[in-house]
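Novice: task: produce atomic coordinates for the following.
(one chain, ligands or ions: 2)
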Amino acid sequence: MPVIWKSQLSTGNDLIDRDHKYLISLFNSIELSLLKPDSLQYLPIFFRELLEYTREHFEREERIQLRIRYPYYAEHKMEHQKIIQHLETLNETVLKLMSARDKLGDERIHQRLDSEIISLAREWIIDHVVKTDGKMARFLKQHPQELTDY
Ligand SMILES: [Fe+2]
Ligand SMILES: [Fe+2]
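Specialist: Ligands and ions are numbered 1, 2, ... in the order given. Coordinates of the predicted model:
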């Protein structure tokens, strides 16, 4: 089921909201690529983009936190690092499975990845964007919506 961005997810910062929207759309693309055999070939491209853009987003978000002197910066950054590790491990799994696609067959790739991607989405979107970034929103809302990271 696709995740749709809604205004309750707004953090009170344009740059961060823009990133979250893009990352959610990448998750949806990954989910779609797993649904249809002819789109499975795009999974590694989407997943790599998710990993790279997540890195970029976390750096941007951390710079903004430093700018507003966010009091929970250290624990937030630790959660970012955990998500990156999870994404890196899963990216390697995706590459390994896709390189053996002919041998394994699409069905086994689906079985192996479906639950992993759902649990990643839960960790990344539900737990992080909704809860952890949601906590940051209370502080960001005291600053202009268009506050940048420099
Ligand atoms: Fe975020
Ligand atoms: Fe975050």
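Novice: which residues touch the strand or helix carrying residue 58?
Specialist: Using DSSP states H and E, residue 58 maps to helix 43-67. Here helix 43-67 makes contact (Cβ atoms under 8 Å, 6 or more residues apart in numbering) with 13, 15-16, 19-20, 22-23, 26-27, 29-30, 33-34, 73, 76-77, 80, 83-84, 87-88, 90-91, 94-95, 98, 113, 124, 133, 136, 140, 147-150. C-beta here means a position set from N, CA and C on the backbone, and glycine is covered the same way.
Novice: mind doing that once more with 6 Å?
Specialist: Helix 43-67 has contacts (Cβ atoms under 6 Å, 6 or more residues apart in numbering) with 16, 19, 26, 29-30, 33, 73, 77, 80, 87, 91, 94, 98, 149.
Novice: and for stretch 17-32?
Specialist: The contact list for stretch 17-32 (Cβ under 6 Å, 6+ apart) reads 2-3, 5, 10-11, 46, 49-50, 57, 121, 129.
Novice: so of the residues you listed, which two are at opposite extremes in space?
Specialist: Greatest spatial distance among the contacts of stretch 17-32 (Cβ to Cβ): 10 and 46, at 24.7 Å.
Novice: and the helix or strand hosting residue 82 with ligand 2, contact?
Specialist: Using DSSP H and E, residue 82 sits within helix 73-99. No - Helix 73-99 does not reach ligand 2 (Cβ under 5 Å from the ion); its nearest approach is 5.7 Å.
Novice: the strand or helix carrying residue 108 versus helix 73-99: what angle between them?
Specialist: Per DSSP H and E, residue 108 falls inside helix 106-121. Interaxial angle of helix 106-121 relative to helix 73-99 (axes from the mean of the first three to the mean of the last three Cα atoms, to 10 degrees): 180 degrees.
Novice: the helix or strand bottoming out on mean pLDDT in the chain - contacts with which helices or strands?
Specialist: The helix or strand of the chain with the poorest confidence is helix 106-121; it has a mean of 88 (mean pLDDT, DSSP states H and E). Taking 3 or more Cβ pairs under 6 Å, 6 or more residues apart in numbering; DSSP states H and E as the contact definition, helix 106-121 has no neighbouring helices or strands.
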